[in-house]
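**Student:** For reference, the sequence and a predicted model appear below.
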Amino acid sequence: MIESVASAQVVAGFIQLVWVIPGLPLAAFLINGLFGRRWLGHLTGWIATGAVGLSALLAIGVFVDVLRGVERSTVVLYRWIGVGEFKIDVAAFIDPLSSVMLLVVTVVGTLIFVFANGYMAHDQGFPRFFTWFSLFVFAMLILVMADNYLLMFVGWEGVGLCSYLLIGYWFQNTAPQKAANKAFWMNRIGDWGYTIGMITIFLVFGSLQFTEVFEKVGIATQANLTLICLALFVGATGKSAQLPLYSWLPDAMEGPTPVSALIHAATMVTAGVYLVARSTPLFVAAGPALQVVAVIGALTAIFAATIALVQFDIKRVMAYSTVSQLGYMFLALGVGAPVAAIFHLATHAFFKALLFLGSGSVIHATGNEQDMRKMGGLRRKMPVTYWTMLIAGGALAALPPLAGFWSKDEIVGAAFVSGQTVLWAVGIITAVLTAFYVTRAMWLTFHGEPRDHHLYDHAHESPTVMTLPLILLAVGSATLGILIGFPPDQGFIHSFLRPAVEVEGVEHTAEIGTILALAAVSVAAGLLGIAVGFLMYARHRPDPAAVTRAAGPLYTLLVNKYFVDELYDNRILGLGRAFFGVLWAFDVHVIDGIANGIGRLASIGGGGARRLQTGVVGNYALTVVVGLFVVLVAYGGYAAGIFKR
């Protein structure tokens with residue numbers, strides 16, 4: 001069943017087939033899971049890749065349908081829950097926001113799948129990897145297609161499960177096991193928030209369907225709306241790795257690099273941003289909740305960027321960069337610029353996927369080495385990887401005309417125009433730090449003289465199956481921003497998304513002079529970070545070692561990531577272990593003690609009664625005679641008045 005609201009008479013077209021989009025990765029999961037290990041072998045990779053690729057083609061078709069005028073369509077697959085007036089369907093909600101998310105997940109996902117065929121070619125668990133990989137994409141597609149909070153929660157939990165399986169893919173080693181468990185439990189904390197928000201939505205509005213809830217926003221009190229939005233945002237902080245639930249994401253680097261690229265660029269960590277963007281009517285009506293989103297986003301952005309400054313693991317630099325960039329997206333949502341947030345989500349998917357896959361290409365070429373201190377000079381050995389990563393690095397540093405410039409500039413500009421000058425300043429400082437750490441990473445990896453000649457001598461460019469996705473992602477990283485975001489605040493992405501995510505009266509506009517001035521400051525921030533990075537690592541003015549010694553305690557604080565993991569492990573988890581130890585003792589000594597005590601009493605009583613059952617007929621006859629004697633004595637006593645009733 002299709003229900004459409006259109007501004008013109010439009011044939012539904014590909015929207016009718018929207019459920020095939022998640023159906024193809026699900027089919028790949030089932031085929032590879034059932035037959036991959038025994039019969040299909042390395043064909044599982046191309047089966048999974050082909051399924052996601054076909055999903056991408058269908059997603060493009062759905063996007064074109066929406067572009068032609070279908071503002072909102074609900075495609076019902078079947079009735080899931082029907083209790084009285086409460087009804088939940090397994091239904092897809094297609095509008096500009098979900099169509100953009102479908103494109104990001106499937107198009108970027110397809111390129112990551114292609115790369116993974118080369119990267120994982122020699123792994124013994126190849127079929128298992130692509131089985132879980134396909135399920136991951138299926139779960140994310142359910143999340144972004146859902147027309148209600150409950151079905152979204154199914155996809156939400158699905159990507160959580162798949163992240164656990166894929167981060168811990170090399171389960172034979174201790175580190176991946178711990179990283180997977182950490183991701184699982186930190187996301188469970190966030191999921192409790194989502195669950196509380198979802199239950200409160202049902203209690204307040206009597207529905208979980210997006211359109212019905214948003215139409216009834218006016219009936220809720222400010223307190224209820226604030227509770228709902230803060231609870232949902234707790235869920236978002238878990239999935240999208242914001243303070244204080246961020247530390248699982250850098251540890252997720254223990255999984256294969258294609259997993260890191262898929263999690264960080266196109267799927268799981270964007271789920272929290274999507275949830276808040278989808279719930280914009282609730283957050284706008286809640287008022288104070290938006291400020292919380294903006295502040296947490298800004299703090300996360302600069303917090304993670306400072307840690308990235310001193311990391312030497314190439315993947316961890318990119319991981320903390322992802323946490324920081326997600327902070328930018330939440331900053332945009334918090335200052336009332338959801339279009340800028342989704343715009344940056346889309347551009348970030350391309351250049352961050354490229355940075356991770358490029359890092360994977362380097363790791364593949366150097367025999368699984370991830371320490372940048374052992375690299376250097378690799379641009380001569382890996383020209384395709386170098387030039388594509390250079391484009392992605394420029395996009396991350398927000399250099400014009402690359403994609404990151406257009407989307408990040410809109411975010412910091414929106415913070416300024418909305419009057420949040422402190423948050424704008426945080427965004428600018430973070431831009432300087434971002435440009436510095438990406439320059440540092442590129443120089444240590446590709447420039448200068450080789451610091452490990454054995455590693456350098458064996459380095460080589462990756463095969464075509466890995467470099468082709470890098471080239472295609474580089475094209476997107478270079479052109480996507482200007483293609484869909486120009487002119488600023490008036491580009492295609494703005495007119496396309498505004499009907500889906502913006503609420504009347506919230507939009508902040510600026511004069512062209514202000515826009516240009518803010519853009520100039522943003523570009524200057526990026527150039528400053530690049531200049532400092534170049535001077536330190538190319539010219540050694542100042543020398544990085546000297547800076548490290550001068551920084552002293554500050555460097556120690558940053559290199560140990562503010563000791564947050566130690567705080568969690570030694571304090572919070574310690575308190576948790578103590579609390580659960582008390583519960584264990586109560587269970588063992590009180591609950592079990594009562595239950596076992598009753599059992600022992602019954603056993604003692606049964607043992608005493610058992611002695612009466614001797615099996616000797618004479619004893620039984622004596623018992624009967626004694627009983628009759630007692631009865632007769634009692635009866636005679638009552639008759640003679642000796643005993644009174």
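**Tutor:** Okay, I see it.
**Student:** what about the chain, any weak spots by pLDDT?
**Tutor:** Where the chain drops to pLDDT under 70, the residues are 1-12, 504-509, 611-612, 641-645.
**Student:** Identify the residue nearest the geometric centre of it.
**Tutor:** For the chain, Val269 is the residue whose C-alpha lies nearest the centre (CA atoms, centre = their mean; 2.6 Å).
**Student:** which SS class is it?
**Tutor:** helix (DSSP: H, G, I helix; E, B strand; the rest coil).
**Student:** burial measure for the closest residue to it other than its chain neighbours, as a count.
**Tutor:** Take Val269 and drop its neighbours on the chain: the residue closest to it by CB to CB, 6 or more residues apart in numbering is Ser240, 5.1 Å away. C-beta here means a position set from N, CA and C on the backbone, and glycine is covered the same way. Here the number of neighbours of Ser240 (other CB atoms under 10 Å) works out to 29.
**Student:** And for Phe534?
**Tutor:** 17.
**Student:** where's the closest residue to it other than its chain neighbours relative to Ala241, distance?
**Tutor:** Spatial nearest neighbour of Phe534, chain neighbours left out: Thr439 (6.1 Å); criterion: CB to CB, 6+ apart. With distances taken as CB to CB, to the nearest Å, Thr439 is found 24 Å from Ala241.
**Student:** If you count surrounding residues, which of these two has more?
**Tutor:** Of the pair Thr439 and Ala241, Ala241 is the one with more neighbours under other CB under 10 Å, namely 31 against 25.
**Student:** you'd agree the more buried one is up against Leu249?
**Tutor:** Yes - if you go by CB atoms under 8 Å, Ala241 and Leu249 touch, sitting 3.9 Å apart.
**Student:** intersection of neighbour lists for the two?
**Tutor:** Common neighbours of Ala241 and Leu249 (criterion: CB atoms under 8 Å, 6 or more residues apart in numbering): 269, 322-323.
**Student:** Can you point out the helix or strand that includes the residue nearest to Phe534?
**Tutor:** Using DSSP states H and E, Thr439 sits in helix 421-446.
**Student:** Mind listing what's buried along that helix?
**Tutor:** 423-424, 426-446 (16 or more other CB atoms under 10 Å).
**Student:** Report the strands that pair with the longest strand along the chain, each with its relative direction.
**Tutor:** When the chain is parsed with DSSP state E, its longest strand is strand 70-83. Next to strand 70-83 in the sheet, as set by DSSP bridges, lie strand 2-6 (antiparallel), strand 86-94 (antiparallel).
**Student:** ok now it, how far from the chain's centre?
**Tutor:** 25 Å (CA atoms, centre = their mean, to the nearest Å).
**Student:** for stretch 92-106, same thing?
**Tutor:** 17 Å.
**Student:** how long is that stretch from one end to the other?
**Tutor:** For stretch 92-106, the first and last residues are 16 Å from each other (CA to CA, to the nearest Å).
**Student:** Packing partners of the helix or strand harbouring Phe496?
**Tutor:** Secondary-structure assignment from DSSP H and E places Phe496 in helix 492-501. Contact here means 3 or more CB pairs under 8 Å, 6 or more residues apart in numbering; DSSP states H and E; on that basis helix 492-501 packs against helix 96-103, helix 338-365, helix 464-485.
**Student:** Next SSE downstream of the second one?
**Tutor:** What that stands for is helix 338-365. Once the chain leaves helix 338-365, the next helix or strand it forms, by DSSP H and E, is helix 383-396.
**Student:** other SSEs contacting that next one?
**Tutor:** helix 338-365, helix 403-417, helix 421-446, helix 464-485.
**Student:** list the buried ones in stretch 154-174?
**Tutor:** Buried residues in stretch 154-174, counted by 16+ other CB under 10 Å: 155-160, 162-169.
**Student:** which ones among those are found in helices?
**Tutor:** 155-160, 162-167 (DSSP state H).
**Student:** would you turn the residues you listed into CSV with distance to Ala223?
**Tutor:** Putting those into CSV (distance: CB to CB, whole Å) gives the following:
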residue, distance to Ala223
Gly155, 29
Trp156, 25
Glu157, 28
Gly158, 32
Val159, 31
Gly160, 30
Cys162, 36
Ser163, 34
Tyr164, 35
Leu165, 40
Leu166, 40
Ile167, 38
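**Student:** out of these, which one sits closest to Ala551?
**Tutor:** Ile167 (32.0 Å; CB to CB).
**Student:** how close does the residue nearest to Leu17 when sequence neighbours are not counted get to Val114?
**Tutor:** Nearest non-adjacent residue to Leu17, counting by CB to CB, 6+ apart: Leu58, 5.9 Å away. Noted for Leu58: a distance of 18 Å to Val114, by CB to CB.
**Student:** now do Ala308
**Tutor:** 28 Å.
**Student:** More neighbours: these two, which one.
**Tutor:** Comparing Ala308 with Val114 by neighbour count (other CB under 10 Å), the higher total belongs to Ala308, at 25 against 22.
**Student:** if I pick the more buried one, what's in contact with it?
**Tutor:** With CB under 8 Å, 6+ apart, Ala308 has these contacts: 316-317, 320-321, 324, 433-434, 437.
**Student:** Those residues into TSV, with extra columns for distance to Asn619?
**Tutor:** Shown next, in TSV, are the contacts of Ala308 (distance: CB to CB, whole Å):
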residue	distance to Asn619
Arg316	83
Val317	88
Tyr320	85
Ser321	88
Ser324	88
Leu433	94
Thr434	94
Tyr437	92
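**Student:** Number of residues surrounding the closest residue to Thr479 other than its chain neighbours?
**Tutor:** Counting by CB to CB, 6+ apart, Ala403 is the residue found nearest to Thr479 once chain neighbours are left out, at 7.1 Å. By the measure other CB under 10 Å, the count of residues near Ala403 is 31.
**Student:** Quick check: Ala403 touching Val475?
**Tutor:** No - in this structure, Ala403 is not within contact of Val475 by CB under 8 Å, at 10.1 Å.
**Student:** which residues in the stretch 451-600 of the chain form helices?
**Tutor:** 453-458, 464-485, 492-501, 512-537, 544-551, 553-559, 564-567, 573-586, 592-610 (DSSP state H, counting those that start in this stretch).
**Student:** Using PDB, write out the CA atom coordinates for the shortest one.
**Tutor:** Extracted C-alpha coordinates of helix 564-567, given in PDB (Å, rounded to 0.1, in the frame of the first residue of the first chain):
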ATOM      1  CA  VAL A 564      38.700   9.000  30.400                       C
ATOM      2  CA  ASP A 565      39.200   5.200  29.900                       C
ATOM      3  CA  GLU A 566      41.000   5.000  33.200                       C
ATOM      4  CA  LEU A 567      38.200   6.900  34.900                       C
END
